[in-house]
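Colleague: How does the following fold in three dimensions:
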Amino acid sequence: MSEAIAVAGPGMASAGVLPGRKRKVFYLSLAHLFNDWYMNFLQTLLPFLVAAGMGLGRGAFLVAAFMFTSSVLQPLLGYWVDRHHQRWLVYVGTLWMAVLLSLVGLVHHYGLALGLAVLAGLGTAAFHPQASAMISRLSGGRKGLFQAFFITLGNIGWALTPVMVVPVIQRYGLRATPIFVIPGLLVALLLKYNTVEPAAKSQSNAVPLREIARRHGVALSKIVIVVACRSLTYFGLVAFLPLYLQAQHVSMLRSSHLLFVMLFFGALGGLAGGYISDRYGRKRVIVVSLLLAGPLFYAFLTQAGNGWGVWLLALAGAALLASFSVTVVTAQEIISTNAALASGLMLGFGVGVGGLGVGVIGVLAEHFGLAPAIQTLIWLPLAAGLLALAIETKSVRAQPPQ
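Modeller: Below you'll find the model as predicted:
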């Protein structure tokens, strides 16, 4: 017992998080890293699939089909999780996705590849609501901090996919994709034997969906719109900022470095935002961070060619993602009896809708140029921040020891 307390630290105990639960939070967060690693798998394989004869349009639709089932279906699966508390979804969902995606490189029929992508998306759609709800139940009075840790590791996993996959496929070809089932298998075993919840949690007190819509539909809709705007800015900048910078005579190498800075400090900002929200409130973090993001991105664009630009972009990325976990926790606190549904709405539906909006920005860039598209993206967080002023949140502070 003393060893467990030493590992957890005094801050953990003071936050009302039982020391024995810290390990489970870490395991779930590590699983999130590899789950999101698989979510970027098809995107990373896309150039190799196209080179192997799959058309670019078909390849893009393959990715879109996976993203649709992996995001849009999360609220429905989340509601089912709230009613049944099926812990097995976190490890079965991870293994299911790993197995199906690892077969893509061996498939030569497009229809079969498309079927694998659609079905694989169900794995991550099952994982995210259940895992996030478990994090919420394990976090005591530090829901913001531990959801931020959970989400930050997922963002790191997304960034690691090309680093791990591309060298292997370049050397051995698409026939090597089955080897990538190994991380999913190991994580599934880890989750199966190390994430058991208290038996009392098996009793569901989930509120019916119609009642949630009647009582909290407006409040949840506001948060979903905020998340969609923030996600559109994030995915849009990942897609178009390097192209814009190159048009401004910034080298491709420097453009890639700047994008990494935005993503890396965005992950750190998400972790910091979760911690701050536990102390000073969710709404303050959401509003202030989003209102700051637009001006910081604008300042970066004016200084992109000099040394100050990288620091401005780091601050802008941190501000943009500071509210990532906070919006999840806010939704969970609004419908506290349906934490998995709340997670599905924020991590799945809201993020997915924002991602689909990148196509609209692409049309804008094609017809009017990259500059108007980038300007639209960087000022979307300002609109989201103003809307966030109308979000109803509970005043939550760190809780005493339990």
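
Colleague: Output the contacting helices and strands for the helix or strand containing V351.
Modeller: Taking DSSP states H and E as the criterion, the element that holds V351 is helix 351-356. For helix 351-356, the elements it packs on are helix 56-71, helix 209-247, judged by 3 or more Cβ pairs under 8 Å, 6 or more residues apart in numbering; DSSP states H and E. Just so you know, the C-beta spots here come from the backbone N, C-alpha and C atoms, and that holds for glycine as well.

Colleague: For the last one, what does the pLDDT average out to?
Modeller: So that's helix 209-247. Average pLDDT, helix 209-247: 85.

Colleague: Could you tell me the angle between the direction of it and that of helix 56-71?
Modeller: 140 degrees (axes from the mean of the first three to the mean of the last three Cα atoms, to 10 degrees).

Colleague: Quick one: name whatever helix or strand follows helix 209-247.
Modeller: By DSSP H and E, the next helix or strand past helix 209-247 is helix 252-280.

Colleague: could you point out which element follows that next one?
Modeller: In N-to-C order, the element after helix 252-280 by DSSP H and E is helix 282-302.

Colleague: elements contacting that following helix?
Modeller: Applying 3+ Cβ pairs under 8 Å, 6+ apart, one finds that helix 282-302 contacts helix 209-247, helix 252-280, helix 307-321, helix 324-334, helix 370-388.

Colleague: so how far does stretch 102-117 reach from one end to the other?
Modeller: Start-to-end span of stretch 102-117 (Cα to Cα, to the nearest Å) is 10 Å.

Colleague: Show residues contacting that stretch.
Modeller: Contact with stretch 102-117 is made by 41-42, 45, 49, 54, 58, 61-63, 65-66, 100-101, 169, 173-181, 184, as judged by Cβ atoms under 8 Å, 6 or more residues apart in numbering.

Colleague: per-domain residue ranges of this protein.
Modeller: 2-202, 209-388 (automatic domain parsing).

Colleague: Output the helices and strands packed on helix 351-356 in CSV, with mean neighbour count appended to each entry.
Modeller: Below are these laid out as CSV (neighbours: other Cβ atoms under 10 Å):
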stretch, mean neighbour count
helix 56-71, 18
helix 209-247, 19
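
Colleague: okay if I get those helices as JSON lines plus distance to G273?
Modeller: Shown next, in JSON lines, are the helices and strands packed on helix 351-356 (distance: least, Cβ to Cβ, whole Å):
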{"stretch": "helix 56-71", "distance to G273": "22"}
{"stretch": "helix 209-247", "distance to G273": "12"}
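
Colleague: What score does Y91 have for pLDDT?
Modeller: pLDDT at Y91 comes out at 89.

Colleague: Revised request: answer the last question for L271.
Modeller: Looking at L271, its pLDDT reads 89.

Colleague: what number of residues lie near it?
Modeller: The tally of other residues near L271 (other Cβ atoms under 10 Å) stands at 22.

Colleague: The one 4 residues further on too?
Modeller: Residue neighbour count, defined by other Cβ under 10 Å, stands at 18 for Y275.

Colleague: how close does it get to A159?
Modeller: Look at Y275 and A159: by Cβ to Cβ, to the nearest Å, they are 21 Å apart.

Colleague: What residues sit buried inside the one helix or strand V118 maps to?
Modeller: Per DSSP H and E: V118 is located in helix 110-138. Of all the residues in helix 110-138, those buried under the rule 16 or more other Cβ atoms under 10 Å are 110, 113-114, 116-138.

Colleague: same question, stretch 181-194
Modeller: Buried residues in stretch 181-194 (16+ other Cβ under 10 Å): 181, 183-184, 187-188, 190-192.

Colleague: go on, stretch 377-394?
Modeller: Quick answer for stretch 377-394 (16+ other Cβ under 10 Å): 377-382, 384-385, 387-388, 391, 393.

Colleague: closest to L345 among these?
Modeller: Minimum distance to L345 across the buried residues of stretch 377-394 is 13.6 Å, recorded for I391 (Cβ to Cβ).

Colleague: Which of the three states applies to that closest one?
Modeller: Assigned state for I391: coil (three-state reduction, DSSP: H, G, I helix; E, B strand; the rest coil).

Colleague: so who does the closest residue to it other than its chain neighbours touch?
Modeller: Nearest residue to I391, sequence neighbours excluded (Cβ to Cβ, 6 or more residues apart in numbering): K222, at 5.2 Å. K222 is in contact with 387-388, 390-391, counting by Cβ under 8 Å, 6+ apart.

Colleague: Likewise for G266?
Modeller: With the criterion set at Cβ under 8 Å, 6+ apart, G266 makes contact with 155, 234, 317-318, 320-321.

Colleague: Check L301 too.
Modeller: The neighbours of L301, taking Cβ under 8 Å, 6+ apart as the test, are 374, 378.

Colleague: and if you look at T124?
Modeller: Shown in contact with T124 (Cβ under 8 Å, 6+ apart): 35-36, 38-39, 70, 93, 97.

Colleague: Would you reformat the residues you listed as CSV and include secondary structure and distance to K283?
Modeller: CSV is the format used below for these (DSSP: H, G, I helix; E, B strand; the rest coil; distance: Cβ to Cβ, whole Å):
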residue, secondary structure, distance to K283
N35, helix, 29
D36, helix, 27
Y38, helix, 33
M39, helix, 29
S70, helix, 29
G93, helix, 32
M97, helix, 34
